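Peer 1: Predicted coordinates and the sequence they were generated for:
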Amino acid sequence: MEYILGIDLGTTNSCVFYKDEGGSFKNIPIENSNTIPSVVAFKDDKILVGKQAENQKLILPRDTIYAFKRLIGRRWESQFLQNAISHYSYTITKKEDATIRVIVQNQEYTIEEISAMVLLKIKQEAIKSLGKDIKKAVITVPAYFNENQRKSTKDAGIIAGLDVLRIINEPTAAALAYGFKQQKNQFVLVYDLGGGTFDVTLLEINDDVFEVIATAGDTFLGGEDFTNKIVEWVERDIIERYERKFEISKDPIVHQRIKDAAEKTKKELSSRNLVNIDLPFLFTDSNKNTINYSSALTRDELNDMTAILVEKSIDILSGVLDHLGFSKDDIDQVLLVGGQTRMPLIQETLEGFFSRNVSKGINPDEAVAMGAAIQGSLLVDDQHTSVLLDIIAQSMGIMVSGGFYEKIIEKGSVIPCSAEKVFTTIRNNQTVVEINIFQGEAWSAEDNTYLGSIKIKDIPPLPQGEFKVNVRFIINSEGILRVEATNLHTGEIHDLTIEGSSGITSDELKKLKDKCALSYEKSEQRAYLMSYVELVKKLIPEAIPVLQRSNKPLNKIEQYKMFIESIERMKDISADKYEEYLGTLKAIASALDTLIKS
């Protein structure tokens, strides 16, 4: 049986599911947990992913990459990005083409590379768990991700060595997990507030048909923003109490200590009414006195400072219902997805809005990955009866005269779909028509996301408005857009297939894939080698008394110590030397073990 992974690549944590031989959908635990932190750290020559990386945040804040999902597929000029940079402890920079990179230990990495490191860790752990090579996956994204962000996510999967069968929207995946084979007939609203993004999606479930009716969201609203509210509160408190202008972004270690404390406080206030924030030896004042910061935060205070974020999500939710002409009573079930929905204020606000209890029947951390695994199984199962009808989350169109934006396919259109419009030249004797394609809702084209362009050249000189071109947008069942521009005078068709752009060429993608695999392999090899170094170090003290009782010399022990010390000092180990050193360490460990047992 070929396994297909369902992966929820989250802002804070990621999760993976698969379908077993018995047809059940199961989680693959990683490091004894159902989820893995979406964190990558660089320590010496090692790449750490998951819990190990998260543990390095306080020690190596500039070398630890987190919340990178909020950055994927974005360009430097994005206002969202500029507003967020101060909240990151690592360095974010731009390339000449306005794509962004992170700099760690004087090395540049794309966000796709960093994402791929988490995906590769997930893939390798799945292989270990299931005992089979795994190549295929369905990966989820926020429903409001644009085409460039989706392409970047898919590229991350390719770099990790995965064949990405489909990119599926997170709320849709959660609804699949909720209603698959349940024979439900309901209008279901999915409120998905994760670590970095927010989506609200309305679906109609009729037995095995899942039809998305509407979706909306904010790709810069999530748990990180709730945490940052506490960080800002601590900053203000420090300024007031110590009369010090304090900018945590200029001290990455202090920044990370406050942020970790804020995250912990936020979680604890979901089950407690008051939490003490204690940060000993936080900084020194102008007189070189050490400041031990301590303060208390109540749940009511947290609610007050984050109410604006919750209200923002409710405004988006209300907009979806109003746009469709739905009342609150038309919704049969409200599903909560994403870790931030554990916050009591969010649950209370939603229950007050809908005047009923919200559903807690699905695990908010696991539902999305499970739904992705279900979608993966449906893609390869010819016998299934389930149908998933998704929609376009954001309109698509072209730039017209004056820099305005003309929509061709409206948001909410059911996939697959197509639409077309006729356009004319705007000047006399115009010889070239350039069709610039955008995605978004803003009236100004430049305020939307640029996707690509088509040029029609060698137009015969004609008066303004006489040359006509028919522009047709076609979106297939996989959500891939093809644009056709037909010269209505000659019938010639110019077309362009758009899957978004990550700014990475196909050649670069292949190189990054090879680099990622090699880096992971080296890191894993070193970790395995060092496990034997630690074993030998543990056995040596046990072996010494045995030799002393037998009046045998300790020169071998000294040789063993020198050997393991030389390995610990090495920063890079070639493949042939790795096998040699590993064999030697295994032999030493075996000899010591035999000696001790004798």
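Peer 2: Ah, there it is. Numbers count the residues shown, from 1 in each chain.
Peer 1: contacts and neighbour counts: CA atoms only from here.
Peer 2: Will do.
Peer 1: show me where the protein has helices.
Peer 2: Using DSSP state H, the helices of the chain run over 51-54, 79-84, 111-130, 147-159, 170-179, 223-242, 252-268, 299-324, 344-354, 367-380, 506-549, 555-569, 575-597.
Peer 1: of all the ones you listed, which lies closest to E434?
Peer 2: helix 147-159 (20.6 Å; CA to CA).
Peer 1: The closest one versus helix 111-130: what angle between them?
Peer 2: Orientation of helix 147-159 against helix 111-130 (axes from the mean of the first three to the mean of the last three CA atoms, to 10 degrees) gives an angle of 50 degrees.
Peer 1: what packs against helix 147-159?
Peer 2: helix 111-130, strand 136-141, strand 163-169, helix 506-549 (3 or more CA pairs under 8 Å, 6 or more residues apart in numbering; DSSP states H and E).
Peer 1: Which strands and helices lie in contact with the last one?
Peer 2: Same thing as helix 506-549. Applying 3+ CA pairs under 8 Å, 6+ apart, we find helix 506-549 packed against strand 46-49, helix 111-130, helix 147-159, helix 555-569, helix 575-597.
Peer 1: ok, of the ones you listed, where does mean pLDDT dip lowest?
Peer 2: Mean pLDDT is lowest for helix 575-597 among these, at a mean of 83.
Peer 1: How much space separates the closest residue to L202 other than its chain neighbours from F354?
Peer 2: Computed as CA to CA, 6 or more residues apart in numbering, the closest residue to L202 that is not its neighbour in sequence is L189, at 4.5 Å. Using CA to CA, to the nearest Å, one gets 11 Å for the distance from L189 to F354.
Peer 1: what about these two, which has more around it?
Peer 2: Between L189 and F354, L189 has the larger neighbour count (other CA atoms under 10 Å), namely 25 against 15.
Peer 1: Tell me what that one is bridged to.
Peer 2: Beta-bridge partners recorded for L189 (DSSP bridges): L202, V334.
Peer 1: quick one: contacts for it?
Peer 2: By CA atoms under 8 Å, 6 or more residues apart in numbering, the contact list for L189 reads 200-203, 331, 333-335.
Peer 1: can you rerun that using 10 Å?
Peer 2: For L189, the contact set (CA atoms under 10 Å, 6 or more residues apart in numbering) comprises 171, 175, 200-204, 212-215, 317, 321, 331-336.
Peer 1: Just the buried ones from those residues?
Peer 2: 171, 175, 200-204, 212-215, 317, 321, 331, 333-336 (16 or more other CA atoms under 10 Å).
Peer 1: follow-up on the earlier one: which residues do L189 and F354 both contact?
Peer 2: 331, 333-334.
Peer 1: Spatially nearest residue to the residue nearest the centre of the chain (excluding sequence neighbours)?
Peer 2: Geometric centre of the chain, nearest residue: K69, 3.6 Å, by CA atoms, centre = their mean. Closest residue in space to K69, ignoring its immediate chain neighbours: T11 at 5.2 Å, by CA to CA, 6+ apart.
Peer 1: wait, isn't the one you found in contact with T35?
Peer 2: No. Under the criterion of CA atoms under 10 Å, T11 makes no contact with T35, lying 11.9 Å away.
Peer 1: Quickly list what Q107 is bridged to.
Peer 2: Under the criterion used (DSSP bridges), Q107 bridges to V104.
Peer 1: give me every residue that touches N448.
Peer 2: Counting by CA under 10 Å, 6+ apart, N448 has contacts 146, 395-397, 399, 405, 437-442.
Peer 1: what does I493 give?
Peer 2: Counting by CA under 10 Å, 6+ apart, I493 touches 456, 469-471, 484-487.
Peer 1: one more time with 7 Å, if that's ok
Peer 2: By CA atoms under 7 Å, 6 or more residues apart in numbering, I493 lies in contact with 484-487.
Peer 1: now swap in T265 and tell me
Peer 2: Contacts of T265 (CA under 7 Å, 6+ apart): V275.
Peer 1: what about it, distance to V275?
Peer 2: Relative to V275, and taking CA to CA, T265 is found at 6 Å.
Peer 1: dump the residue contacts of the residue nearest to K69.
Peer 2: T11 makes contact with 38, 67-69, 195-196, according to CA under 7 Å, 6+ apart.
Peer 1: want to throw the residues you listed into CSV with distance to D133 and pLDDT?
Peer 2: Shown next, in CSV, are the contacts of T11 (distance: CA to CA, whole Å; pLDDT from 0 to 100):
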residue, distance to D133, pLDDT
S38, 23, 96
A67, 29, 92
F68, 28, 93
K69, 27, 93
G195, 31, 90
G196, 32, 88
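Peer 1: I'd like these laid out as a markdown table, including distance to C516.
Peer 2: Formatted as a markdown table, the contacts of T11 follow (distance: CA to CA, whole Å):
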| residue | distance to C516 |
| --- | --- |
| S38 | 16 |
| A67 | 20 |
| F68 | 17 |
| K69 | 18 |
| G195 | 25 |
| G196 | 25 |
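Peer 1: Which member of these is positioned nearest V432?
Peer 2: Nearest to V432 among those, with distances taken as CA to CA, is K69, at 39.1 Å.
Peer 1: Where do the domain boundaries of this protein fall?
Peer 2: 4-221+312-389, 223-305, 396-498, 506-597 (automatic domain parsing).
Peer 1: Quick one: end-to-end length of the third one, please.
Peer 2: Start-to-end span of domain 396-498 (CA to CA) is 11 Å.
Peer 1: tell me the mean pLDDT for it?
Peer 2: In this model, domain 396-498 carries a mean pLDDT of 91.
Peer 1: same deal with stretch 370-388?
Peer 2: Summarised as a single mean, pLDDT over stretch 370-388 is 84.
Peer 1: now what about that stretch, what contacts it?
Peer 2: 4-7, 17-19, 25, 137-140, 173-174, 176-177, 208-211.
Peer 1: For it, C-alpha coordinates in PDB please.
Peer 2: Output of stretch 370-388 as PDB, limited to C-alpha atoms (Å, rounded to 0.1, in the frame of the first residue of the first chain):
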ATOM      1  CA  MET A 370      -6.400  14.600   9.100                       C
ATOM      2  CA  GLY A 371      -8.500  16.300   6.500                       C
ATOM      3  CA  ALA A 372      -5.500  16.600   4.200                       C
ATOM      4  CA  ALA A 373      -4.900  12.800   4.600                       C
ATOM      5  CA  ILE A 374      -8.500  12.200   3.700                       C
ATOM      6  CA  GLN A 375      -8.100  14.400   0.600                       C
ATOM      7  CA  GLY A 376      -5.000  12.400  -0.300                       C
ATOM      8  CA  SER A 377      -6.900   9.200  -0.100                       C
ATOM      9  CA  LEU A 378      -9.700  10.500  -2.300                       C
ATOM     10  CA  LEU A 379      -7.300  11.600  -5.000                       C
ATOM     11  CA  VAL A 380      -6.000   8.000  -5.500                       C
ATOM     12  CA  ASP A 381      -9.300   6.100  -4.700                       C
ATOM     13  CA  ASP A 382     -11.300   5.600  -7.900                       C
ATOM     14  CA  GLN A 383     -14.100   4.000  -5.900                       C
ATOM     15  CA  HIS A 384     -14.900   6.800  -3.500                       C
ATOM     16  CA  THR A 385     -18.200   8.700  -3.600                       C
ATOM     17  CA  SER A 386     -17.100  11.800  -1.800                       C
ATOM     18  CA  VAL A 387     -17.000  15.100  -3.700                       C
ATOM     19  CA  LEU A 388     -15.100  18.200  -2.600                       C
END
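Peer 1: Tell me how far D208 lies from I567.
Peer 2: On the measure of CA to CA, D208 and I567 end up 58 Å apart.
Peer 1: Comparing the two, which shows the higher neighbour count?
Peer 2: Shown here are D208 and I567; by other CA under 10 Å, D208 has more neighbours (19 against 16).
Peer 1: any idea of the pLDDT on R244?
Peer 2: 62.
Peer 1: ah, wrong one, I meant E521
Peer 2: Here the pLDDT value assigned to E521 is 66.
Peer 1: before we move on, the earlier item: is it possible to export the helices of the chain to CSV including distance to P280?
Peer 2: Below are the helices of the chain laid out as CSV (distance: least, CA to CA, whole Å):
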stretch, distance to P280
helix 51-54, 21
helix 79-84, 27
helix 111-130, 33
helix 147-159, 40
helix 170-179, 40
helix 223-242, 13
helix 252-268, 10
helix 299-324, 22
helix 344-354, 29
helix 367-380, 39
helix 506-549, 33
helix 555-569, 33
helix 575-597, 42
